[in-house]
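Chemist: Got a predicted structure here, sequence first:
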Amino acid sequence: MMRTMNETRRALEAAVDALPRGLREHVLRVVEEAQRLAQRHGLDTQRAAIAALGHDLARGHSPSELLRLAVEAGLSVSDVEQREPVLLHGPLGARLMAERYGIADEELLAAARHHTTARAGMSALERLIYVADKIEPHKSRDDAALGQARALADESIDAALRIILDRQVARAVERGWPLHPDTVAARNELLLDGR
């Protein structure tokens, strides 16, 4: 049975209500930010809300559980994801959105799938969800780079995206983390396209 957008949204809202409190509050802030940015940039606010509601459905799982679920789902797990299983929560969340909530819209699923790593070739909605997830008020209030990205997002999602990707690369180098190839590809695309 196909659900309407409103029915899908209500089902996702119920799923978000069942998440641990801190995660639930984060998701709701991202929904608010995504709708605000969508309206500002002429994108569909309902689709932005649905993507934002689904983006962290699998975030509450432990690293070992994320790895187990990814293997069970038949997802290809890279060496970077093996080392940092938290990177799998986006692809797993997208899988849940499709299987449990009947979402077939590939752009919505891609927005959830890549909200942690970004990727080259992101649509406007994918870029918006990636940015909204990083600049929601709780995350951006004590982080200068995210605060700067938040200030720029109203005028340019790409400018905000560039700051966030630069921050992700710098943090990875500073902390000795591996960089996901999709993050590198997204940043390179922005640089090479002059955005």
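Modeler: Received it, and whenever you're ready, just let me know what you need. Numbering: from 1, shown residues only.
Chemist: so where's this protein uncertain?
Modeler: 1-2, 195 (pLDDT under 70).
Chemist: where do the helices sit along it?
Modeler: In the chain, helices defined by DSSP state H lie at 5-17, 21-40, 45-54, 63-72, 79-83, 89-101, 106-113, 124-135, 137-140, 144-153, 157-175, 181-193, listed in chain order.
Chemist: Let's have the ones you listed in CSV, adding mean neighbour count.
Modeler: All C-beta atoms are positioned from the backbone trio N, CA, C, and that covers glycine. As requested, the helices of the chain are exported to CSV (neighbours: other Cβ atoms under 10 Å):
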stretch, mean neighbour count
helix 5-17, 16
helix 21-40, 18
helix 45-54, 24
helix 63-72, 15
helix 79-83, 14
helix 89-101, 21
helix 106-113, 23
helix 124-135, 26
helix 137-140, 15
helix 144-153, 19
helix 157-175, 18
helix 181-193, 17
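Chemist: Excluding chain neighbours, what is closest to the residue most central in space within the chain?
Modeler: Centrality entry for the chain: nearest residue to the mean C-alpha point is H115, 2.1 Å, by Cα atoms, centre = their mean. Nearest non-adjacent residue to H115, counting by Cβ to Cβ, 6 or more residues apart in numbering: H55, 4.7 Å away.
Chemist: tell me the contacts of T45?
Modeler: When contacts are counted by Cβ atoms under 8 Å, 6 or more residues apart in numbering, T45 touches 35, 38-39.
Chemist: looking at it, L125 is touching A52, isn't it?
Modeler: No - applying Cβ atoms under 8 Å, one finds L125 not in contact with A52, separated by 10.1 Å.
Chemist: I figured D105 hits R47, correct?
Modeler: Yes - if you go by Cβ under 8 Å, D105 and R47 touch, sitting 7.4 Å apart.
Chemist: and A73, how far is that from R10?
Modeler: Using Cβ to Cβ, to the nearest Å, A73 is found at 25 Å from R10.
Chemist: what does D44 give?
Modeler: For D44 relative to R10 (Cβ to Cβ), the value is 17 Å.
Chemist: repeat for Q168
Modeler: Relative to R10, and taking Cβ to Cβ, Q168 is found at 33 Å.
Chemist: Can you give me the separation between the nearest residue in space to M5 that is not next to it in sequence and A111?
Modeler: Spatially, and ignoring its direct neighbours in sequence, M5 is nearest to Q46 (5.4 Å; Cβ to Cβ, 6+ apart). According to Cβ to Cβ, Q46 stands 13 Å off from A111.
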